[in-house]
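1. how would this look folded up:
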Amino acid sequence: MRNIFMMILMLLPLGASVLKAQSNGDSLAFSLQKAMDYATENAFQSKSAGYDIDAAEKRVWEYIAIGLPQVTGEAQLTDNLSIQENVITMTPEDGSDPINLKTKFGQQYNWNATGKVNQLIFDGSYLLGIKASRIYVNISEKNKTKTEIDVRQSVAEAYYVALIANKNLETFKKNLEVNLQTLKETEAYYNNGFRELTDVDQLKLMVNNSRNMVLDAERQLLISEAVLKYSMGISIDQPIILTDQIDFLLTPVEAYIPKSDNFDVTTHIDYSILETQEEAQKTLIKNEQVQYLPKINAFYNISYIEFGDDFKKMDNTNSQILGLSLTMPIFQSGRQNAKVKQEKINYLKLQNEMRQMEEGLKQQLMVAESNFKNAQATFLNDKEGEAIAFRIYDRTRIKFTKGLASSVELSQNEGQYIQSQLSFIQSTLNLLDTHIKYKKAINEL
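-> Numbering: from 1, shown residues only. Okay, the predicted model is just below:
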């Protein structure tokens with residue numbers, strides 16, 4: 001039992017307004033639908049995907065701001081503690097020997113302030129950069145949608161496991177009650193000489209085994225609820241109540257008929273993400289192509305300078321410059337051409353990935369449908385097998401109480417019944433799991 005549940009739990013991914021859950025005291029009550037809706041907004045992965053969108057939207061403004069006026073200012077104050085002396089050689093007109101004079105150029109104090117204004121006039125990559133940043137927002141939004149689908153799948157699977165764990169606990173408690181009652185009756189028969197000690201000991205072993213299964217089911221229920229709360233983004237310490245019953249959720253799944261004929265691969269979120277990446281790649285190609293064009297900027301600079309040897313009495317001067325700058329590539333030895341070709345190759349690679357994705361999604365759907373149909377058939381067989389095993393065990397128990405069956409036979413039939421229960425549990429979880437995977441494959445989760 002433990003191995004089955006731990007295996008299932010290991011396969012579960014541990015990954016605006018909040019939908020209100022019904023409150024029952026300090027506990028929160030969730031149906032399956034409300035649990036998935038709650039997790040869509042509050043799961044850790046969903047919140048992180050939302051932050052990615054916020055960051056992408058800020059990046060759009062970052063690119064827009066590049067084309068707006070850029071103003072910078074700078075100021076500097078210096079104290080020339082020691083001004084370097086320069087030697088000037090002067091030759092007298094009378095032809096006498098040259099005279100070397102030492103002098104200093106500069107003043108002790110100097111401070112200046114400058115201001116610069118730059119305005120982009122033309123840059124082919126500017127508008128493409130804005131477009132690319134908006135495409136990035138679109139990709140982030142689609143990634144959030146994909147994350148939400150994965151979260152809903154994780155929550156659904158965890159919800160199913162928790163319901164099954166609770167159902168098992170109820171079933172094993174009933175088994176324990178039956179075995180305790182049978183043990184009590186057997187001990188009474190033994191005390192009156194109608195049963196052997198072996199029968200009593202055999203029933204005690206069955207009771208101990210039932211107790212262990214109850215304890216194991218309690219632990220599995222605790223673990224499954226913790227996994228569910230983690231998937232939903234709820235604190236592990238917060239009590240929750242699951243309002244849906246396993247039979248209520250199983251009924252429509254048992255009768256569900258797959259409808260794969262009208263599946264359109266372009267509606268799948270994974271393919272949609274690749275389509276957006278294709279648009280982004282086209283923008284990258286254009287961006288490399290416009291690098292051949294010139295870049296034009298307008299600028300205006302103003303500066304103010306004061307200087308002198310006396311800080312209280314300083315001279316000043318200022319200057320202003322207004323102009324245009326043009327930058328244009330002339331010869332790059334084919335470097336830019338290589339960049340353009342590289343991005344075009346990346347575009348061809350992306351188109352190949354899109355074709356691969358299309359075939360992969362079709363294959364994924366085919367496998368998901370096949371697995372679901374097999375799970376339906378196995379579930380029905382195990383459901384019938386569990387009912388048959390119970391009838392055999394129940395009849396053997398009645399015979400045992402009447403002295404018509406041995407304790408060994410009773411133990412064997414109980415073991416057969418327990419094994420059929422475990423198989424039924426496995427097939428139930430597999431049916432629900434394959435149904436979720438199929439719904440995800442047709443983009444309806």
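
2. so where do the strands sit in the protein?
-> Secondary structure of the chain (DSSP state E): strands at 22-24, 27-30, 70-79, 85-90, 99-104, 109-122, 240-242, 295-310, 313-327.

3. mean pLDDT lowest for which of those strands?
-> Among those, strand 22-24 carries the lowest mean pLDDT, at a mean of 43.

4. rewinding a little: columns mean neighbour count and distance to residue 137 on top of the strands of the chain, output as a markdown table?
-> In short, each C-beta sits where N, CA and C put it, glycine included. Formatted as a markdown table, the strands of the chain follow (neighbours: other C-beta atoms under 10 Å; distance: least, C-beta to C-beta, whole Å):
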| stretch | mean neighbour count | distance to residue 137 |
| --- | --- | --- |
| strand 22-24 | 11 | 36 |
| strand 27-30 | 18 | 32 |
| strand 70-79 | 11 | 24 |
| strand 85-90 | 9 | 61 |
| strand 99-104 | 10 | 61 |
| strand 109-122 | 15 | 22 |
| strand 240-242 | 17 | 35 |
| strand 295-310 | 15 | 26 |
| strand 313-327 | 10 | 30 |
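
5. can you redo those strands as JSON lines with distance to residue 280?
-> What follows is those, written out as JSON lines (distance: least, C-beta to C-beta, whole Å):
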{"stretch": "strand 22-24", "distance to residue 280": "44"}
{"stretch": "strand 27-30", "distance to residue 280": "39"}
{"stretch": "strand 70-79", "distance to residue 280": "27"}
{"stretch": "strand 85-90", "distance to residue 280": "61"}
{"stretch": "strand 99-104", "distance to residue 280": "62"}
{"stretch": "strand 109-122", "distance to residue 280": "23"}
{"stretch": "strand 240-242", "distance to residue 280": "41"}
{"stretch": "strand 295-310", "distance to residue 280": "23"}
{"stretch": "strand 313-327", "distance to residue 280": "26"}
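
6. Looking at the ones you listed, which is nearest to residue 142?
-> Proximity to residue 142 (C-beta to C-beta) singles out strand 27-30 among those, at 27.4 Å.

7. mind listing what residue 27 touches?
-> 239-241 (C-beta atoms under 8 Å, 6 or more residues apart in numbering).

8. Please apply the same query to residue 301.
-> 114-117, 319-321.

9. Same question for residue 182.
-> Residue 182 touches 203, 206, 397, 400-401, 410, counting by C-beta under 8 Å, 6+ apart.

10. any idea of the pLDDT on it?
-> 91.

11. Next: residue 15.
-> 32.

12. got the residue ranges for the helices in the stretch 51-200 of the chain?
-> 124-191, 197-232 (DSSP state H, counting those that start in this stretch).

13. residues touching residue 138, list them.
-> residue 276.

14. 10 Å instead, please
-> 53, 56, 272-273, 275-277, 279-280 (C-beta atoms under 10 Å, 6 or more residues apart in numbering).

15. Which members of those residues occur in helices, if any?
-> 53, 56, 272-273, 275-277, 279-280 (DSSP state H).

16. Can I get the buried ones among the residues you listed as something I can paste into ChimeraX?
-> Filtering the ones in helices among the contacts of residue 138 down to the buried ones (16 or more other C-beta atoms under 10 Å) takes a single ChimeraX command:
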select :53,56,272,273,276,277,280
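
17. and of the ones in helices among the contacts of residue 138, the nearest to residue 26?
-> Among the ones in helices among the contacts of residue 138, residue 53 lies closest to residue 26 (C-beta to C-beta), at 34.0 Å.

18. The closest one reaches residue 60, doesn't it?
-> No. Taking contacts as C-beta atoms under 10 Å, residue 53 lies outside contact range of residue 60: 11.0 Å.

19. okay, and the common contacts of those two?
-> Listed contacts common to residue 53 and residue 60 are 136-137; contacts here mean C-beta under 10 Å, 6+ apart.

20. Next one: the residue of the chain most remote from its centre from residue 87, what distance?
-> Distance from the centre of the chain peaks at residue 94, with 92.8 Å (C-alpha atoms, centre = their mean). Note on residue 94: its distance to residue 87, by C-beta to C-beta, to the nearest Å, is 22 Å.

21. residue contacts, residue 122?
-> Applying C-beta under 10 Å, 6+ apart to residue 122 gives the contacts 67, 293-297, 326.

22. change it to 6 Å
-> Applying C-beta atoms under 6 Å, 6 or more residues apart in numbering, we find residue 122 in contact with residue 296.

23. before we move on, back to that, which of the contacts of residue 301 are the two that sit furthest away from each other?
-> 117 and 319 (14.6 Å).

24. okay if I get the ones in helices among the contacts of residue 138 as a markdown table plus distance to residue 357 and pLDDT?
-> As requested, those are exported to a markdown table (distance: C-beta to C-beta, whole Å; pLDDT from 0 to 100):
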| residue | distance to residue 357 | pLDDT |
| --- | --- | --- |
| 53 | 23 | 95 |
| 56 | 23 | 93 |
| 272 | 10 | 95 |
| 273 | 9 | 95 |
| 275 | 10 | 95 |
| 276 | 13 | 95 |
| 277 | 11 | 95 |
| 279 | 15 | 95 |
| 280 | 16 | 94 |
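
25. Closest one to residue 365 out of the ones in helices among the contacts of residue 138, please.
-> Nearest to residue 365 among the ones in helices among the contacts of residue 138: residue 272, at 15.8 Å, using C-beta to C-beta.

26. What pLDDT is listed against the nearest residue to the closest one once chain neighbours are set aside?
-> Spatially, and ignoring its direct neighbours in sequence, residue 272 is nearest to residue 142 (5.8 Å; C-beta to C-beta, 6 or more residues apart in numbering). You'll see residue 142 listed with a pLDDT of 95.
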